[in-house]
Each structure stands twice: as C-alpha cells, then as structure tokens.
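Trainee: Could you look at this predicted model? Sequence included:
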Amino acid sequence: MSTVPDDAWKRMIIPVYGPTFLVSIGMGAVYPLVALTAIHLGADVGTAALMVGLMGLGQLLGDLPAGAIAQRVGEKRAMTMAGAVDVCALTVAWFTQNLIVFACAVLITGLAAAVFGLARHTYLTEAVPLHARARALSSLGGIFRVGMFIGPFVSAGLLLIFPIQAAYAFAAVTGVAATALTLAMPPLPGADTGSARAAGPRPRLSQVLWQHRRVLTILGAGVLVLSAVRSARQGLVPLWCEQLGFDASTSSLIYGISAGVDMLMFLPGGAMMDRFGRVWGVLPALIIVGLGFVLLPLGQTPLQVTLLAGLLGLGNGLSSGIILTLGSDNAPAHGRSQFLGGWRVAADTGNTAGPLVISLITLVAPLAAASVIIGVVGWLGAGWLAHWIPRFASPPGHRGRRSVRQ
C-alpha cells in the first residue's frame, strides 16, 4: 500500500521523473553511436554489433543484484550510487582509446541502469497510491521514450561540431544532473534501510524468488513474450525499409513517426489500466502490435510502411508501463526489491531475445515470415496474459487479493 498521501506524490514529479528524463536523453544520445565508436576504435562490424548488446546484457546481469542493493541501502541511495557509477563509466567511454576498456564501460552503464531502474520502480511502487499506479508508471515509461527520442537529435547536432566522443561527454553531464536531482527525492515515511518496511529479518533473494516462483514463472513468461515482441519493432521496421530499398532519411523518418505515435499514447494507456484493469494495458496493445507485424510485409511504399509502423507505435504506446505496473501489483511488502529484480529479469530477457529471434528466423526464412511469426507470437502472448493477469495481479482498489495461491 502507498505510504504517501494522494496529494503528496504529485509533488514528487520533478525529483522522481526528472532524473529519468535526463538519463534517457543521455542514453538516447549515445546508444546509436556505440557501434560507430567501436569501429572507430578498431572493431570489425561483427564486434561492433556485439558492443551494442553489451548495455542490454549489463542490465540483464544487474537485475537480481540490483534488488539486493536496493533492499540493503534504500531506493534513494541506490539510485544515487547508480547515477555516480554511470557518470564514471560514461567519462571513461568519453576519454578511452582502447576497445576493451570501452566495452567494459558500456557493460557498466547497463549494470548501473539496472540498479537505477529497479530502485526507481520500487520507490514509485510505494510512493504512488494504487488508484493512480498505472498512470504513474506508464508516465515513467512515456518520459523515458521522450528522452530516447530527443537524445539522437542532440547527438546529431553535437557531431556537426565536435568528434564522436562529445556524445559521451553530454551523457555524462546529463548523468551528473540526474544524480543531483535524485538527491532531492523526498524519503518515504519510515524509510531507512530500503523498501522492506515489514517487521522481521531482511529476506534473502533466493527465499523471495522461491516463495513467489509461481507468479514469476507464469506471468513472467507472458512478460517475456511482451518484451520480446515490443523490442522486435526496433529491428524489423528498419530492416523492412532496407529490404524495400528506402534511403536512410526515409527509413529514419518512418521510424521517427512510429516513435512519435508511441510517445503520444502512454497517458491513455495508463488511464485505461487504472480505470478498467490491467488486462486493458495488454490485450489491445498486443492485438494491435500483432496486427501491425502480420500486415507489415504487405507494405511496399513509404506511405504504406509509415502507416503500419504507426500502427506498431500505437500498440506499443498503449502498453507503456504495463510491465512495471504488473510487477508493482504482485510485489510483496516484505522483499519487494528482490521480487522486482526477478521480475525485471523476465522483461530484460525478452528485450534481449526479440532481435535474436528475428535473426534466427531469417536464417531459414524470409524477413516477411519473421514479421508474421512475431505478430502471431504477440497474439498468443495476449491470450496468455489476458487469462492469467486477473488470477494474479491485484485489480484497482483491491490491493493484496489473489485468486491463485502463490
């Protein structure tokens, strides 16, 4: 249950959402340049592609330790520590001329992002009243999308004047600002050693994961599919544009329009979840995204592909914050951070698996087949989650109820 009065959490908007906005702008500025930087430092194309995945790998590896860290030191302190580590890693990436050192810096930024994201998720779970939880968490996802949208334009402007390392300098500066703003976050009432406010000894990670293994495996499987399908959009749309022979500017414009539609939908998606239930954050989104993927091979002109990419952005935007919200709904009061660490493993595994699945399918089938298969998988995931969410996740206004024993 929220420990903050309804009117008080609204005063947290700047200190809580501000750091996310700043960090996401910095991340958006450097993410498109990781492969180019690796090539600049002597990597071949294959190694450069591997470098891009190191940030996601760092997040995946950091999810479970992040839960333990937030449980031990508290959410605010964990976010501050993660921000400081991220700034150090970006500073190293800024100055280094060594490919291995650069790879380590990219991996560490992923680890820091895992701690920062987990602690922020736990904080909002406790700070926001239940009736506004989905809107608060979908707004968090929406703000992250806005920052990731702005970041590449900032780096593009910087590179007109400065060398490629300037983007990492910019990201380090936004990281410093985000860390400083995190210090202004009001502590949760009674917070001293983390989010476990319940009496008794601090639970071990293995205990929490085992106790809640049912929800983590059943709902976690659906979340993995949801994450994989959503992440597939980032690779399939540009690849389809490339296959059709569109030039780089046209492909970028199409992707940008899709991202713009995505950004506009996070508030309606969160409001639907708070008003009608969590299934409404999943079912329409995955049906629409699945339809977009199934129809994508029919798009042959820039206009047609733009409309279908916009359809994918619409569905993706409606699902903004759903994974965070479902995790918060099912997280126990005792061991919340550890549970959310396990929950985020499923989501980040899906994010990593999406592009990999596309690569594997295209080894034996055309890209169009990969798009259709991803769409069908999305529909299957919609059915799975629509069946299981009401049996696990607490509906609005009924925190703590379960219709399936865990």
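Mentor: Good, I have the coordinates.
Trainee: Okay, and the residue positioned nearest the centre of the chain sits in which element?
Mentor: Central residue of the chain (C-alpha atoms, centre = their mean): residue 141, 7.1 Å from the mean position. Residue 141 belongs to helix 133-159 when assigned by DSSP states H and E.
Trainee: which parts of the helix or strand following that helix are buried?
Mentor: Using DSSP H and E, the helix or strand that follows helix 133-159 towards the C-terminus is helix 166-182. By neighbour count on 16 or more other C-beta atoms under 10 Å, the buried set for helix 166-182 is 166-172, 174-179, 181-182. The way it works is simple: take the backbone N, C-alpha and C, and place the C-beta from them, glycine included.
Trainee: Just give me how far stretch 222-237 sits from the chain centre.
Mentor: 11 Å (C-alpha atoms, centre = their mean, to the nearest Å).
Trainee: what's the answer for stretch 380-388, then?
Mentor: 20 Å.
Trainee: Contacts for that stretch, please.
Mentor: 218-219, 221-223, 225-226, 229, 279, 282-283, 286-287, 290 (C-beta atoms under 8 Å, 6 or more residues apart in numbering).
Trainee: Dump the residues you listed to JSON lines, plus distance to residue 77, neighbour count and pLDDT.
Mentor: Below are the contacts of stretch 380-388 laid out as JSON lines (distance: C-beta to C-beta, whole Å; neighbours: other C-beta atoms under 10 Å; pLDDT from 0 to 100):
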{"residue": "218", "distance to residue 77": "33", "neighbour count": "18", "pLDDT": "91"}
{"residue": "219", "distance to residue 77": "29", "neighbour count": "25", "pLDDT": "89"}
{"residue": "221", "distance to residue 77": "33", "neighbour count": "16", "pLDDT": "90"}
{"residue": "222", "distance to residue 77": "33", "neighbour count": "26", "pLDDT": "90"}
{"residue": "223", "distance to residue 77": "28", "neighbour count": "26", "pLDDT": "90"}
{"residue": "225", "distance to residue 77": "34", "neighbour count": "22", "pLDDT": "91"}
{"residue": "226", "distance to residue 77": "31", "neighbour count": "27", "pLDDT": "91"}
{"residue": "229", "distance to residue 77": "35", "neighbour count": "30", "pLDDT": "90"}
{"residue": "279", "distance to residue 77": "36", "neighbour count": "20", "pLDDT": "87"}
{"residue": "282", "distance to residue 77": "33", "neighbour count": "25", "pLDDT": "86"}
{"residue": "283", "distance to residue 77": "38", "neighbour count": "18", "pLDDT": "89"}
{"residue": "286", "distance to residue 77": "37", "neighbour count": "31", "pLDDT": "92"}
{"residue": "287", "distance to residue 77": "41", "neighbour count": "18", "pLDDT": "94"}
{"residue": "290", "distance to residue 77": "41", "neighbour count": "23", "pLDDT": "94"}
